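Trainee: Okay, sequence plus prediction incoming.
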Amino acid sequence: MIVFPNAKINLGLNVTGTFSDGFHSIETVLFPVSFCDILEINLSENQLFELNVSGMVISRKDKDNLCVRAYNLLKKIFNLPNVRVHLHKVIPMGAGLGGGSSDAAFTISLLNDLFALSLSDFQKKQYASQLGSDCSFFIENRPCFAFGKGDQFESINLNLKGYSVVILVPPIHISTVDAYKVVKVKKPAMDIRMIVETSPFEWKNFLINDFEDPIFKLHPEIHQIKEYLYKVGAVYASMSGSGSAVYGLFDRKLPELNSFPGCKLWTGRINE
């Protein structure tokens, strides 16, 4: 069985406080885009668990891979047989696009289908939340307001149908842990939910990602990508998550994008 775990972008991201365990509280809108990995899971023919990875190089050991962790979680609960997993990695890591979290969530959904576990979306989200704060977002995979540690979700009505998305990912890996060390906690001037109800043409001055200022100081080339996207006609541009990916929303035909040759480029149209 084959599925296509997709990426997400953050529409705004406010770091609003800290919890007693050291984690930060955030507010953001998560929006799915069709920039996808490829995941295939089948029963093992040799009765052994196998993980094969193609595409982009993954530096983590197998036991740390989120697909493996998702499988082991369900295997322990449901006594699953061994499987053969093939992950073709397309979504860059350390880019703020949620690729690993998506792989984990899609693994849970795929195993649910493969072994007829009859898990509800609520149950799948409960399991996914044990693997990462935003993993459960990819179970329903719909635009939502995320808050708390980024693991609590509230449905929102957000329609960007007809817009195109450009994502540029420079060859820079941003550690989420390191990004939180340099970001400043502050109360947002406006509620993100109110901002995204307005036209994207209004977002430039109000929809803020708190990670941008410190990350831009460390990596000015990421700021240059954002400025470039505005220069070529984006109605809104932002870094996604804690970076390093930068995306732009376009309401018309996309321009030719031949700058920043070192970047990975993805373009897509929002159809829902």
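Mentor: Arrived safely.
Trainee: contacting residues for Pro143?
Mentor: Neighbouring residues of Pro143 by Cβ atoms under 8 Å, 6 or more residues apart in numbering: Val29, Leu30, Phe31, Pro32, Ile156, Leu158. Glycine gets a C-beta too; all of them are placed from N, C-alpha and C.
Trainee: want to throw those into a markdown table with distance to Asp210?
Mentor: As requested, those are exported to a markdown table (distance: Cβ to Cβ, whole Å):
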| residue | distance to Asp210 |
| --- | --- |
| Val29 | 14 |
| Leu30 | 16 |
| Phe31 | 18 |
| Pro32 | 22 |
| Ile156 | 20 |
| Leu158 | 20 |
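Trainee: And the furthest pair within these?
Mentor: Spatially, the most separated pair among the contacts of Pro143 is Pro32 and Ile156, at 12.8 Å (Cβ to Cβ).
Trainee: Which of those two has more residues huddled nearby?
Mentor: More crowded of Pro32 and Ile156, by other Cβ atoms under 10 Å: Pro32, with 20 against 17.
Trainee: check which helix or strand covers that one.
Mentor: strand 24-36 (DSSP states H and E).
Trainee: ok, now Gly12?
Mentor: Taking DSSP H and E as the criterion, Gly12 maps to strand 6-18.
Trainee: Which parts of the stretch 1-150 of the chain are strands?
Mentor: In the stretch 1-150 of the chain, the strands defined using DSSP state E, counting those that start in this stretch lie at 2-3, 6-18, 24-36, 38-43, 50-55, 83-89, 144-147.
Trainee: Deepest-packed of those, please.
Mentor: When you average the neighbours per residue for each of the strands of the stretch 1-150 of the chain (mean count of other Cβ atoms under 10 Å), strand 6-18 leads with a mean of 22.
Trainee: what about the strands of the stretch 1-150 of the chain, which gets the closest to Asn209?
Mentor: Once those are compared by Cβ to Cβ, strand 6-18 is nearest, at 4.5 Å.
Trainee: Could you tell me the angle between that closest one and strand 24-36?
Mentor: 170 degrees (axes from the mean of the first three to the mean of the last three Cα atoms, to 10 degrees).
Trainee: Got phi/psi on Pro170?
Mentor: Main-chain dihedrals, Pro170, degrees, to the nearest 10: phi -70, psi 160.
Trainee: so who does it touch?
Mentor: Neighbouring residues of Pro170 by Cβ under 8 Å, 6+ apart: His219, Glu221, Ile222, Ile225, Ser244, Phe260, Gly262, Cys263.
Trainee: hmm, 7 Å instead?
Mentor: Pro170 is in contact with Glu221, Ile222, Ile225, Ser244, Phe260, Gly262, Cys263, counting by Cβ atoms under 7 Å, 6 or more residues apart in numbering.
Trainee: With Ile58 instead?
Mentor: Ile58 makes contacts with Asn65, Lys89, as judged by Cβ under 7 Å, 6+ apart.
Trainee: quick thing: my sequence starts at 191, can you match it?
Mentor: From this message on, residue numbering opens at 191, which makes the last subject Ile248.
Trainee: quick revisit: return the list of strands paired to the strand holding Pro222, each annotated with direction.
Mentor: strand 196-208 (antiparallel), strand 334-337 (antiparallel) (DSSP bridges).
Trainee: can you give me the strands for the stretch 341-462 of the chain?
Mentor: Per DSSP E, counting those that start in this stretch, the stretch 341-462 of the chain carries strands over the ranges 342-345, 354-359, 426-429, 436-440, 454-459.
Trainee: quick one, which of those strands is nearest to Lys374?
Mentor: Nearest of these to Lys374, taken as Cβ to Cβ: strand 426-429 at 15.4 Å.
Trainee: follow-up on the earlier one: just curious, which of the contacts of Pro360 is nearest to Ser215?
Mentor: Nearest to Ser215 among the contacts of Pro360, with distances taken as Cβ to Cβ, is Ser434, at 23.2 Å.
Trainee: Tell me how many other residues crowd the closest one.
Mentor: For Ser434, the count of nearby residues is 26 (other Cβ under 10 Å).
Trainee: picking up where we left off before, would you turn the contacts of Pro333 into JSON lines with distance to Lys377 and pLDDT?
Mentor: Listed next are those as JSON lines, based on distance: Cβ to Cβ, whole Å; pLDDT from 0 to 100:
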{"residue": "Val219", "distance to Lys377": "18", "pLDDT": "98"}
{"residue": "Leu220", "distance to Lys377": "21", "pLDDT": "98"}
{"residue": "Phe221", "distance to Lys377": "23", "pLDDT": "97"}
{"residue": "Pro222", "distance to Lys377": "28", "pLDDT": "97"}
{"residue": "Ile346", "distance to Lys377": "21", "pLDDT": "94"}
{"residue": "Leu348", "distance to Lys377": "23", "pLDDT": "93"}
